[in-house]
Each structure stands twice: as structure tokens, then as C-alpha cells.
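Chemist: For reference, the sequence and a predicted model appear below.
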Amino acid sequence: MSASVVITGIGLLSALGEGGDAHWAKLGGDVPQPIVDETSFAPYPVHPLGPVDFSTQIPKKGDLRQMEPWQRIGTFTAGLALADAGIAGNPNYLDRTDMIVAAGSGERDTATDMKVLETISDREDGDIRANEILPSNLRPTLFLAQLSNLLAGNISIVHKVTGSSRTFMGEEMAGVAAVETAVRRIKAGQGDLFLVGGAFNSEREDILLNFELGDMLLQGPFMPVWERARTGAAGLVPASIGAFLVLEDKSHAEARGAKVYAEIEEVLSGRCNRQKGSAVDNARGQFAAIEAKLNGGPLAVLSGASGAEPATGEEFAFLQHVAEQGHRAFVRAYGTVLGHGVEAHFPAGIALAALALQNGAFYPPFDGSGVEQVFAGRPEQIIVTGWGHWRGEALALVSKAGP
């Protein structure tokens, strides 16, 4: 019989604050109000990082100096998760904590990029001049973009997490792979204690350029995820987010007396060519695989819909399919209140599900579109979806922890 996988630590950092309690306080009561910056990168709104004292989790100034914001976000949030799980600073656990991180290719040095472009624009020896500029402007250990596995390395150095380490790249599906791999390894008896998660910094001209070249960004005034499709203003609103989880074999958590938020029963992922209807078919297959595990009551769903099309429209079609199968689904697009965290998005959705189950209530509707209806009961199970803005479909079933 495979092991049960439980969540014992949550680290969250976003525009809404830091830590699980802060996010529940902002999202679990009255109608949540997203925090959006519509001016710094106009016409593109972003969800900025809220005020945070990074030194509380990254005490050495030298460590802070050599990290770009995305690494600070991730290393800080990983520390929150370890502390919440009660294993921070304890080598008996940290020495055998396996780590799986989701990260992009790192932040570019845009100032150096611009200097190179300006210098070589009217020179025939541009390649020679570029090679003269780069060594004097870049840190000795870096190229034009920081490597993704530097985040895992910094978490290991700062927090002394010294079990195995793996880094996944690949936008939203990297975050899915991090959680899915840890869950499957625990169930297979290949580990009993994991730190998993991702980080993303949205307040970057280079990343906004990348998204805009793919016609993926919302332009103009902010609006909730479901309203974007209805008004024809499709696009994602990127967010600065860190989301890390401590996942454990249930018996291991019980043996050390850990607080348990919730249980992850299943994580399923797939990837298709996104021809019309193919992503819906993928998601239907995933739902069919977990349908027998549902308790038959009202179904709470935390949707990872980004607002980008055609992905969001396809996910909406999948949610309609769930309703057609006789399940009364109460949907919340958490990208409306957090923004879209790319690599960190799916772990953030799992964290929000765990908080709701632990607190015995689901979130109020995140918008007034009519798609999201009031859920009056106490959720026993929550489905978390993680649709990539371009590729990838994922689904997780998170359940209330048993005695």
C-alpha cells in the first residue's frame, strides 16, 4: 500500500503579504481585493511584491547581495515553509530533506544588455566590443542570465537543506513537476520529507517583453480572470510570487508530531499540442482518473487559469464538463487575487487549498462575473488545476487530513 502524502509546511510570499496566515486573512474572509500596479510598466498591470524584510530569512548581507529578486523571493519563501513545518535549523531533518525547485532561466542584466546594444549599434566590430563590455559588467559567476539551479543552491546554503536536489524548468509545468515528483516519490517509498516550490519575479522588463512577444499580457486596466475573456481583453497579469511546501509521508509527520494542513491524494499532468479541444480532452481524462475518489458533495475548485487565450477558454470548457458530469463545482480563479506566478503558480494553488481545508472554509468569490458562486459548506476536498498559459494541463486532488 502506498504512503499518504501530507502538507506540513506552507511558505507564501505575494503582493498580499507573507506566510499562510496572512494570505488566509486577506482571502478567507470578506471579498478579497487584489493588489495591482498599473503604472510602473504601463500599459501592462502587474501584481507587485509586497513589503518584505528579506533579512529575516536570509540573514547574511553577502548572500542577499549576490541574489537577484527572484532568488530572494524563493529563498525567503522556502525558509517560511521550513519554519512553518517545524524543521528550520534542525539538521536531523534538513540533512535528509529532498528539494525540488521550479525556476526559470533567471533574470537578465538588462542594464548590461542595453549597454551592449547601444555600443555596438553603429560599429562594424560589434562582436569584439561586446566581448570587451561583458567581462567588466557581469559578475564572475554569471553570464547574461542567472542559472535556474542557483535558486536551489542558495536555499541549500542559506537554510542547510542538504538532501537530494532537483530543478525543473518549463514555466507552469515546472511547478507541477516539482509537486508531482515529490508526491510520487513519497508514495513509492523513495523519500519521506520534501521541500518543493518555485519563485517568480514579475517586475522585470525582460520577462514582460517575452510575454508580450507571445501576445500573452493583459493591457490596460486590471480586470479579473473570467471577465477578461468575456470582454475580449484576454491576457495574463504576472505576479511576483514565492510558493514552497513541505511534503511528508503521513507516518513520518505523525512520528515527529507535525501539524498537518491537508493530504495530497493525486497529482496528474499532461501536455498536448493545444489544437482546439485537445487540452479539454487531456483535462477530462485527468478528472476521470480521480472521479472515483470524490465524496459526491459540492466540489470546490481552485483554478489556475491565467487569463491568456485560448487556454482560459479551454479550461472554462473543461469546468463546464465537470458540471455536466453531475458535480456542482464552485470555482475560484486564484490568478485574479494573486496574479499569475508561472513556475510558482501551481504550488501556490496547492497552498491555498491546504489553507482552506485546514481552516474549514472555502474562499468567497474572487470576482463578480457570475462564474464564481458562494460556497456555504465546509470543504472536504479541493481540486486544483494548473493550466499553462501556452502548454500543459494539470490537476491535483487535495483532501482534508484524516485523524
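Modeler: Ah, there it is.
Chemist: How many neighbouring residues does residue 256 have?
Modeler: Neighbour count for residue 256, taken as other C-beta atoms under 10 Å: 15. In short, each C-beta sits where N, CA and C put it, glycine included.
Chemist: for it, what are its contacts?
Modeler: 86, 93 (C-beta atoms under 8 Å, 6 or more residues apart in numbering).
Chemist: how close does it sit to residue 85?
Modeler: Applying C-beta to C-beta, to the nearest Å, the value for residue 256 to residue 85 is 9 Å.
Chemist: and if you look at residue 164?
Modeler: Distance from residue 164 to residue 85, by C-beta to C-beta: 18 Å.
Chemist: For these two, indicate the residue with more neighbours.
Modeler: residue 85 (28 against 14).
Chemist: what residues are up against that one?
Modeler: Counting by C-beta under 8 Å, 6+ apart, residue 85 has contacts 8-9, 246, 248, 258.
Chemist: Adding pLDDT, write the residues you listed out as JSON lines.
Modeler: As requested, those are arranged in JSON lines below (pLDDT from 0 to 100):
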{"residue": "8", "pLDDT": "98"}
{"residue": "9", "pLDDT": "98"}
{"residue": "246", "pLDDT": "98"}
{"residue": "248", "pLDDT": "98"}
{"residue": "258", "pLDDT": "97"}
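Chemist: of all those residues, which comes closest to residue 39?
Modeler: Relative to residue 39, the closest of the contacts of residue 85 is residue 9; by C-beta to C-beta it sits at 35.8 Å.
Chemist: Do I have it right that that closest one meets residue 84?
Modeler: Yes. Applying C-beta atoms under 8 Å, one finds residue 9 in contact with residue 84, separated by 4.3 Å.
Chemist: Mutual contacts of these two, please.
Modeler: Residues within reach of residue 9 and of residue 84 at once, by C-beta under 8 Å, 6+ apart, are residue 246.
Chemist: if you count what's nearby, which of those two comes out ahead?
Modeler: The residue with more neighbours, out of residue 9 and residue 84, is residue 9; 27 against 24, by other C-beta under 10 Å.
Chemist: tell me the contacts of that one?
Modeler: Per C-beta under 8 Å, 6+ apart, neighbours of residue 9: 81-87, 195, 244-246.
Chemist: Select from these every entry located in strands.
Modeler: Among the contacts of residue 9, DSSP state E puts 195, 244-246 in strands.
Chemist: The residues you listed into TSV, with extra columns for neighbour count and distance to residue 344?
Modeler: Below are those laid out as TSV (neighbours: other C-beta atoms under 10 Å; distance: C-beta to C-beta, whole Å):
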residue	neighbour count	distance to residue 344
195	30	14
244	34	9
245	30	11
246	30	16
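Chemist: Could you single out the nearest of those to residue 360?
Modeler: For the ones in strands among the contacts of residue 9, the nearest to residue 360 is residue 245 (19.8 Å; C-beta to C-beta).
Chemist: Can you tell me how far that closest one is from residue 211?
Modeler: In terms of C-beta to C-beta, residue 245 sits 26 Å off from residue 211.
Chemist: Return the member of the contacts of residue 9 nearest to residue 219.
Modeler: Using C-beta to C-beta, residue 244 comes nearest to residue 219 of those, at 31.5 Å.
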